[in-house]
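A.B. asks: the sequence isn't on hand, but the structure is:
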């Protein structure tokens, strides 16, 4: 310790430069190694665990579920419980919605409307969020076909199922403004 004080204060005649003892430098390096190393190691370990879980989930998903059957081969009579029937109906409705989305992107709007309509009819009443989305998708298609009354009708049904569906509220306001229903359009802007 005395040699440290002599080097720092400059009282030693042999060395006029102040130096830091190696044991203090070592402590500082060890401290920084801990500060940087531990969080890095934890993050790497967490990432590896996450990846392992994702791989296991993929493997179990491929083992559990066979390839989806085409819509034409699905037989609703094979399910025995009402819960299974509801899940199957919802799954089929979502597949129909996806088919409608594909037709929409292909600019086959009438076919898209048919798919969305079938999805709405098939979707269980309890699945309000999905039904709301199906109505909104059909309204978007009607909007491209410039049938604004049907846009308002479908958006109204979607908003009834999901009152906070902002995208649908805005679409209904645009359609209402286009047909001259400024009262409804103004009502939508004040939600």
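C.D. replies: The structure has been received and is ready for your questions. Here the structure is a predicted model, which is why all the values come from computation and not from measurement. Numbering: from 1, shown residues only.

A.B. asks: in this protein, where is pLDDT below threshold?
C.D. replies: Residues of the chain that meet the criterion pLDDT under 70 lie in 1-22, 42-44, 60-83, 86, 188-191.

A.B. asks: just the helices from this structure, written as ranges.
C.D. replies: Remark: helices assigned in the chain by DSSP state H are 2-9, 22-64, 82-105, 109-122, 128-144, 148-161, 166-178, 182-189.

A.B. asks: can you redo these as TSV with mean neighbour count?
C.D. replies: No exception for glycine: its C-beta is placed from N, CA and C like everyone else's. Shown next, in TSV, are those (neighbours: other Cβ atoms under 10 Å):
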stretch	mean neighbour count
helix 2-9	12
helix 22-64	10
helix 82-105	16
helix 109-122	19
helix 128-144	22
helix 148-161	21
helix 166-178	19
helix 182-189	14
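
A.B. asks: how about residue 50, what does it touch?
C.D. replies: With contact set as Cβ atoms under 8 Å, 6 or more residues apart in numbering, residue 50 has no partners.

A.B. asks: from residue 56, how far out is it?
C.D. replies: 11 Å (Cβ to Cβ, to the nearest Å).

A.B. asks: and what of residue 121?
C.D. replies: 38 Å.

A.B. asks: quick one, domains of this structure?
C.D. replies: Using automatic domain parsing, the domain parsing of the chain gives 2-64, 82-189.

A.B. asks: residue 130: what's it in contact with?
C.D. replies: Residue 130 neighbours (Cβ under 8 Å, 6+ apart): 90, 93, 94, 97, 123.

A.B. asks: dihedrals phi and psi, the last one?
C.D. replies: Comment: the main-chain dihedrals of residue 123 come out as phi -70, psi 130, following degrees, to the nearest 10.

A.B. asks: residues in contact with it?
C.D. replies: Residue 123 touches 89, 90, 93, 130, 131, 134, counting by Cβ under 8 Å, 6+ apart.

A.B. asks: one more pass at 10 Å, please.
C.D. replies: If you count contacts by Cβ atoms under 10 Å, 6 or more residues apart in numbering, residue 123 has them with 86, 89-90, 92-94, 96-97, 130-135.

A.B. asks: what does the fourth one give?
C.D. replies: Residue 97 makes contact with 112, 115-116, 118-120, 122-123, 130, 133-134, 137-138 under the criterion Cβ under 10 Å, 6+ apart.

A.B. asks: pipe those residues into TSV and attach distance to residue 164 per row.
C.D. replies: Output for those, formatted as TSV (distance: Cβ to Cβ, whole Å):
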residue	distance to residue 164
112	25
115	26
116	21
118	26
119	22
120	20
122	25
123	19
130	15
133	13
134	17
137	17
138	19
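
A.B. asks: among the residues you listed, which one lies nearest to residue 32?
C.D. replies: Lowest distance from residue 32 to these (Cβ to Cβ) belongs to residue 133, with 52.2 Å.
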